[in-house]
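J.: A structural model of the following input is requested.
(chains A and B)
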There are 2 protein chains.
Amino acid sequence: MKPSPIIFVSLGPGNPELMTLGCYHQLQQADVIVCPSTANKEGKFTSKAAEIITAVGIETEKLYKFHVPMQRKREAALAAYKECADEIAAMHKKGLKITVAVEGDISIYASTQTIAEYLEDAGLTVEMTPGIPSFIAAAAAMAHPLVMGTGSLIVTTDIEQIRHNIERGLQHGSSIVCMKIKSYENEIKEYLSAPGSYECFYYEFLGMGDKEFTTSDKSEIMARSFPYFSSMIIYNPYQSEHNR
Amino acid sequence: MKPSPIIFVSLGPGNPELMTLGCYHQLQQADVIVCPSTANKEGKFTSKAAEIITAVGIETEKLYKFHVPMQRKREAALAAYKECADEIAAMHKKGLKITVAVEGDISIYASTQTIAEYLEDAGLTVEMTPGIPSFIAAAAAMAHPLVMGTGSLIVTTDIEQIRHNIERGLQHGSSIVCMKIKSYENEIKEYLSAPGSYECFYYEFLGMGDKEFTTSDKSEIMARSFPYFSSMIIYNPYQSEHNR
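T.: Residues are numbered from 1 along each chain as shown, chains lettered A, B, ... in the order given. Next up, the predicted model:
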C-alpha cells in the first residue's frame, strides 16, 4: 500500500466561511491537524489557524500546535520548522493521517512551505490544497475587479516593483496588490500624496472580525499607522463598454 | 427595511470541493441562482456553473440560466448581460433572494462584472463573495509556491507584459501566470524554445475532471495545441534557506 501523503490545507484569510468544502472535509478526516502558533506582544502564544478550525466545529483534541518564533530570527524559525517536520514524520510513521493547516493560501508567501520541503527531503509525499488568498477576499470587499479585459495584476512586497509599474502607467483594469506595506510605509504614503495617483483600497486584519479595517479614503490611509497585517491595492478602474 | 443586495457568489475553477463554505451557504439560502450558460461547438447550451452547483446538492429548480453569446460578438454579450440584469431587477422587485453564480473568482477577468454594473446603474446593491481563482488551484496542483520571500506574482493576458518581465529577469520566488495563452500561442512557444528559460507549468481545464491536463515538460507543451481554457505559469524557483 502506498503511504498516505501529508496534506497542507489552506484555510483562507481568517473568516471561517472562506474555507473551502475540500479543506473542511480534509480537516474532518485528519487524525492530527498541525497548527502554527506565534507569540503576541504579551508573549502569549496564539494560533489564528486553530481559531479558524475550531470555528467550523472541528474537535480541538486533534490540534497539534507548534510555536513559530518571531520572523526576524530566521534561523530560529527554520529550526522550529525542522523540529515540526521531524514530529510530523514520527506521527506519520505511526500511521496517523496528518494535515498541516496554513493561513491564507499555501502558494502565496506561506513560510510553512519550509515544512513541506523538510518533509520531502525526508522522503515523504506532500499534497497542497488551495485556499482564498487575502487579496482575493479584499477585492470582493472593495466590490471592484482586480483585473479585467487587457489588464494585469501584480502582487508584490517590493516598493521598487510598485514604482516601476506605476511609472510604466497602469493600464485600465489593472491592479497592484502591495503586501507587507509596513516595511515601506513612508514610500507608499509619498506615492499617495503625489497628484494624480490611482484609486486605492487599504485593509488591515481582513476577515478577522472586529479588528478588520478597510478604507478607500486617501487622507484616512495617510493618517493611519500601518500594522503588520496591512496591505493596499492600487488600481486603475476598468472602463466597461456600456459605461464609456 | 433595507432591500436585500444581489449577491455574486464565486464558485471556484470547477471542482465542487473548491467552493467555499460561505458560497455554499449563500446558494442554499437563495431563492433564485442565476447561471451563465454558453453554446458548445454543436450549438448546445451548457453551464459549467450549473454543474458545479448541482454537484454540491443544490436544487436544480432554483437555477435560472441565461445564455451568453460567443465572446467575439461583444455587443451581443453586452445585450445578454443587460437583459439578464433587467430580469434580476424584476425578480428582486418580487422580493426574491437572488445570487448570481460566477465561475472562478469575481475579481479575476470575470465578464459577469458587467451584470453587476447594470444592476448598480439601476440603483440596486450588489455584494461580492470571493472564490478560488484558477491560478491558485494550479499552484496547489504543481505543489510549488507562486510567490515567496522578496518575489512578485504577475497575472496577465498580455504577451508584452510577459516579455517585459522576463527581460527584466524574474527574481527567485517570482511567477508569471500567463492567462488566455491560446491568443499568443506562437509567442509563448518561441519563449519555451529559447535556451535558459525558466520552469513552466502548463494546465488545461483545471478542476474539470477527465478533461484536466497538466504538465511541466516543455517538449509536451510545445507539442500541444492550446485550447481556450489553457494557461501557463512561468516561475523562477524559490531557493529556501535550508536548501541553499
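J.: please count neighbours and contacts with C-alpha atoms only from this point.
T.: Will do.
J.: find the residue at the geometric middle of chain A.
T.: The residue lying closest to the centre of chain A (Cα atoms, centre = their mean) is residue A:104, at 3.6 Å.
J.: thought it was touching residue A:12?
T.: Yes - the pair residue A:104 and residue A:12 passes the contact test of Cα atoms under 8 Å, sitting 3.9 Å apart.
J.: okay, and the common contacts of these two?
T.: Counting by Cα atoms under 8 Å, 6 or more residues apart in numbering or on different chains, the residues touching both residue A:104 and residue A:12 are A:131, A:132, A:133, A:134.
J.: so which of those are also by chain B?
T.: Restricting the shared contacts of residue A:104 and residue A:12 to those near chain B by Cα under 8 Å from any Cα of the partner chain leaves A:131, A:132.
J.: turn the shared contacts of residue A:104 and residue A:12 into JSON lines, columns for pLDDT, neighbour count and distance to residue B:225.
T.: Formatted as JSON lines, the shared contacts of residue A:104 and residue A:12 follow (pLDDT from 0 to 100; neighbours: other Cα atoms under 10 Å in any protein chain shown; distance: Cα to Cα, whole Å):
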{"residue": "A:131", "pLDDT": "98", "neighbour count": "32", "distance to residue B:225": "30"}
{"residue": "A:132", "pLDDT": "98", "neighbour count": "30", "distance to residue B:225": "31"}
{"residue": "A:133", "pLDDT": "97", "neighbour count": "25", "distance to residue B:225": "31"}
{"residue": "A:134", "pLDDT": "95", "neighbour count": "22", "distance to residue B:225": "34"}
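J.: just how off-centre is the helix or strand of chain A with the lowest mean pLDDT within its chain?
T.: Least confident helix or strand, chain A: strand A:45-46 with a mean of 86, by mean pLDDT, DSSP states H and E. Centroid displacement of strand A:45-46 relative to its chain, using Cα atoms, centre = their mean, to the nearest Å, is 18 Å.
J.: show me the contact partners of it.
T.: A:37, A:38, A:39, A:40, A:67.
J.: within its sheet, name the partner strands of it and how each one runs.
T.: strand A:32-39 (antiparallel) (DSSP bridges).
J.: pull out the buried residues from the strand it pairs with.
T.: Buried residues in strand A:32-39, counted by 16 or more other Cα atoms under 10 Å in any protein chain shown: A:32, A:33, A:34, A:35, A:36, A:37, A:38.
J.: do stretch A:38-52 as well
T.: Going by 16+ other Cα under 10 Å, stretch A:38-52 has these buried residues: A:38, A:45, A:47, A:48, A:49, A:50, A:52.
J.: repeat for stretch A:95-114
T.: A:96-114.
J.: what subset of those is also close to chain B?
T.: Near chain B, judged by Cα under 8 Å from any Cα, the entries from the buried residues of stretch A:95-114 are A:105, A:106, A:107, A:108, A:109, A:110, A:111, A:113, A:114.
J.: where does the prediction get shaky in chain A?
T.: Counting by pLDDT under 70, chain A shows low-confidence ranges at A:1-2, A:70-72, A:243-244.
J.: okay, domains of it per the record?
T.: A:6-129, A:134-243 (automatic domain parsing).
J.: what's the closest of those to residue B:233?
T.: Among those, domain A:6-129 comes nearest to residue B:233, with 12.5 Å by Cα to Cα.
J.: please compute how far that closest one lies from its chain's middle.
T.: Using Cα atoms, centre = their mean, the offset of domain A:6-129 from its chain centre is 13 Å.
J.: got it, and stretch A:166-177?
T.: With Cα atoms, centre = their mean, you get 22 Å for stretch A:166-177.
J.: contacts for it, please.
T.: Contacts of stretch A:166-177 (Cα under 8 Å, 6+ apart): A:135, A:145-156, A:162, A:231-239.
J.: mind checking which of these are in helices?
T.: A:135, A:162 (DSSP state H).
J.: buried ones among the contacts of stretch A:166-177?
T.: Buried among these by 16+ other Cα under 10 Å: A:135, A:145-149, A:151-156, A:162, A:231-238.
J.: so is residue A:69 in a helix, a strand, or just coil?
T.: coil (DSSP: H, G, I helix; E, B strand; the rest coil).
J.: that one: neighbour count?
T.: Residues contacting residue A:69 under the criterion other Cα atoms under 10 Å in any protein chain shown number 19.
J.: against which helices or strands is whichever helix in chain A runs longest packed?
T.: Ordering each helix of chain A by length in residues (DSSP H) puts helix A:74-93 first. Packed against helix A:74-93, as judged by 3 or more Cα pairs under 8 Å, 6 or more residues apart in numbering or on different chains; DSSP states H and E, are the following elements: strand A:63-67, strand A:98-102, helix A:113-121.
J.: separation between the nearest residue to residue A:50 once chain neighbours are set aside and chain B?
T.: By the measure of Cα to Cα, 6 or more residues apart in numbering or on different chains, the closest residue to residue A:50 outside its immediate chain neighbours is residue A:35, 6.3 Å from it. Going from residue A:35 to chain B by Cα to the nearest Cα, to the nearest Å gives 19 Å.
J.: is residue A:35 bridged to anything, and to what?
T.: In this entry, residue A:35 is beta-bridged to residue A:65, by DSSP bridges.
J.: list the residues that contact it.
T.: Contacts of residue A:35 by Cα under 8 Å, 6+ apart are A:47, A:49, A:50, A:63, A:64, A:65, A:66, A:100, A:101, A:102.
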